[in-house]
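Participant: Pasting the sequence and the predicted model now:
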Amino acid sequence: MKPLHEQHRIRYPPFEASRWAPENLPIAVKRYEIGQYDSEESAQQAVQGQPPSFRLGHDSGWLIERSFVYDDEELVSEMNDHCLESGSYVQAVKKQRQGWYLIPNPVHNILRQFINGVVIVLLTCLFYLFISPVLIWLNLPVYGLETVRWGLLDYPALAVFVVPLIFAPLFIRVIANLLELRRQNQFLKRDLKTPTIDFIHSSTADNPLELNVHFPEWEPAWNHVDAILRVGVLPPSRETLLETLQRNPQRQPPPGLSTELPHHWEVGLDDGTAGGEDAPMELKEVKGGLYLRPMRIMVQGKPERWREGEPLKLEPPEPTWPGSVHTELLRIHWEIILRIDRKRGGALLWVQPLKVAHSGTYTPLEFLPLHDGRSELDMS
């Protein structure tokens, strides 16, 4: 008798994945024993009754994989057509990916880019001051070396221009965060009614999704509504990831993970890599926040315009993805987003999670679509 295991392997992109070399980060591997079997044929039969295996990415890059291993050899399992996995949504979906959401003010992204430019200007000025004696020795003209007296101290003239450039975006961003808190309070006071979504048939990863949408109330400031079907990969459980990598949660985390932040909402709502930069300031009274965090690996279908009384038909993203998977390490998540365009205040989002069945036409994805982890860049 030899063991048959369901094997999960994952190397999930941390915050700002473009700055990381995935081949230098560890792959977390976890096995779950299915049973003991005396032959490969009997193990193969047992695999047919399990959820299908899949693979997103590759070993030298970002990777999300489920496979079945019998006696340390991988078994080839066929994709079960229209197989819907059981189990409830993970906590991150229940708290952070359903209901009403706001879109952050674009000024956050503009100021972030402006700060990057200011840093370049500051470094250039420091280098210029450093080489200015050489320029003077070569009889080359130099500018900005004179001093400006403020109070009892003298400052380089360049500092008069550069220092305000450094502090101005930080000051403006503090004001923007305070305005975001005010906007959240105003939205909560409105207490919008939940839209009604009726699915015409069950959801499958390779078939169009048909549904009817009804809004119990419609405000004059709303222009139109676009419906979007998208799928992506959510971060794995930080606790399970550390356990799989055999790391003590109280000590230095593995590469790709930062020191865990204090959970002002609830334990398990993030993977500890965002460093508090994934969203603007949020009200603590709202469990999970009012800004939708983008999935760092995701793809979405073509937006469809909603019209009252007409059914919506949403095409699935291409190529075909696996269906819904919600485990401690592997989390493939499907959702519908109703994006309400408004005359002012930015767009409003209604997010509806989906349980989608696997299809029989799945093909492995080698190159995964990566996205920035900041909410200010999602659905803007």
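Facilitator: Received it, and whenever you're ready, just let me know what you need.

Participant: What segments of this protein are helices?
Facilitator: Ranges of helices within the chain are 40-48, 91-96, 107-137, 157-190, 238-244, based on DSSP state H.

Participant: helices and strands around the third one, which ones?
Facilitator: With contacts defined as 3 or more Cβ pairs under 8 Å, 6 or more residues apart in numbering; DSSP states H and E, the packing partners of helix 107-137 are helix 157-190. In short, each C-beta sits where N, CA and C put it, glycine included.

Participant: Likewise for the first one?
Facilitator: When contacts are defined as 3+ Cβ pairs under 8 Å, 6+ apart, helix 40-48 sits against strand 2-11, strand 28-37, strand 63-70, strand 73-75.

Participant: Quick check: neighbours of the second one in the sheet, parallel or antiparallel?
Facilitator: When you say that, I think you mean strand 28-37. strand 2-11 (antiparallel) (DSSP bridges).

Participant: Give the rounded mean pLDDT of the partner strand.
Facilitator: For strand 2-11, the mean per-residue pLDDT is 92.

Participant: So what touches that strand?
Facilitator: Contacts to strand 2-11, defined as Cβ atoms under 8 Å, 6 or more residues apart in numbering, come from residues 22, 25-38, 43, 46-47, 50, 57, 61-71, 74-75, 236, 241, 327, 329-330.

Participant: And stretch 175-185, by the same measure?
Facilitator: 102, 104-105, 107-108, 111, 280-283, 286, 290, 345.

Participant: before we move on, what about stretch 232-251?
Facilitator: Taking Cβ under 8 Å, 6+ apart as the rule, stretch 232-251 contacts 10, 12, 26, 28-30, 56, 64, 90, 92-93, 253-254, 257, 260, 268, 270-273, 294-299, 328-333, 368.

Participant: distance of the residue of the chain most remote from its centre from residue 156?
Facilitator: Distance from the C-alpha centroid of the chain peaks at residue 139, with 54.8 Å (Cα atoms, centre = their mean). Separation of residue 139 from residue 156 (Cβ to Cβ, to the nearest Å) stands at 21 Å.

Participant: On the strand side of things, show who the nearest residue to residue 90 once chain neighbours are set aside bridges to.
Facilitator: In space, and not counting its chain neighbours, residue 90 is closest to residue 326: 5.0 Å by Cβ to Cβ, 6 or more residues apart in numbering. As for beta bridges, residue 326 partners with residue 331 under DSSP bridges.

Participant: mind listing what the residue minimising distance to the centre of the chain touches?
Facilitator: Nearest to the mean C-alpha position of the chain, by Cα atoms, centre = their mean, lies residue 295 at 2.5 Å. Going by Cβ under 8 Å, 6+ apart, residue 295 touches 232, 233, 234, 333, 371.

Participant: Tell me the one of those residues nearest residue 145?
Facilitator: Closest to residue 145 out of these is residue 371 (45.5 Å), distances taken as Cβ to Cβ.

Participant: Which residue, other than its chain neighbours, is closest to residue 51?
Facilitator: residue 85 (5.0 Å).

Participant: close enough to count as contact, that neighbour and residue 52?
Facilitator: No - using Cβ atoms under 8 Å as the test, residue 85 is too far from residue 52 to be in contact (9.2 Å).

Participant: shared neighbours of the two, anything?
Facilitator: With Cβ under 8 Å, 6+ apart, residue 85 and residue 52 have common neighbours residue 358.

Participant: so residue 145 touches residue 155, yeah?
Facilitator: No - counting by Cβ under 8 Å, residue 145 stays clear of residue 155, with 11.7 Å between them.

Participant: Break this structure down into its domains, please.
Facilitator: Each domain of the chain is listed here as a residue range: 2-75, 91-104+191-377, 110-184, per automatic domain parsing.

Participant: What mean pLDDT does the second one get?
Facilitator: In this case it means domain 91-104+191-377. Rounded mean pLDDT across domain 91-104+191-377 is 87.

Participant: switch to numbering from 658
Facilitator: Renumbered: residue one is now 658, and that last one reads domain 748-761+848-1034.

Participant: starting at the chain centroid, how far to that domain?
Facilitator: The chain centre lies 8 Å from the centre of domain 748-761+848-1034; the measure is Cα atoms, centre = their mean, to the nearest Å.

Participant: cool, and the first one?
Facilitator: On the basis of Cα atoms, centre = their mean, domain 659-732 is displaced by 22 Å from the centre of the chain it belongs to.

Participant: what's the answer for stretch 761-777, then?
Facilitator: With Cα atoms, centre = their mean, you get 20 Å for stretch 761-777.

Participant: got a list of contacts for that stretch?
Facilitator: 819, 822-823, 826-827, 829-830, 833, 836-837, 936-937, 948, 1003, 1031-1034, 1037.

Participant: List the buried residues in it.
Facilitator: 761, 762, 764, 765, 768, 771, 775 (16 or more other Cβ atoms under 10 Å).

Participant: which ones are touching residue 1006?
Facilitator: 757, 758, 759, 760, 949, 994, 995, 996, 997, 1036.

Participant: What is the burial count for the fourth one?
Facilitator: Going back to what we said before, that points to residue 760. Per other Cβ atoms under 10 Å, the neighbour tally for residue 760 reads 20.

Participant: My guess is it contacts residue 1031. True?
Facilitator: No - using Cβ under 8 Å, residue 760 is not in contact with residue 1031; the gap is 11.7 Å.

Participant: ok, back up a step: give me the more crowded residue out of residue 742 and residue 709.
Facilitator: Between residue 742 and residue 709, counted using other Cβ under 10 Å, residue 709 has the larger neighbour count: 22 against 18.

Participant: Would you confirm that the more buried one contacts residue 740?
Facilitator: Yes - assessed by Cβ under 8 Å, residue 709 is found in contact with residue 740 at 6.2 Å.

Participant: what do these two both touch?
Facilitator: In contact with both residue 709 and residue 740: residue 1015, using Cβ under 8 Å, 6+ apart.

Participant: Okay then, goodbye and thanks.
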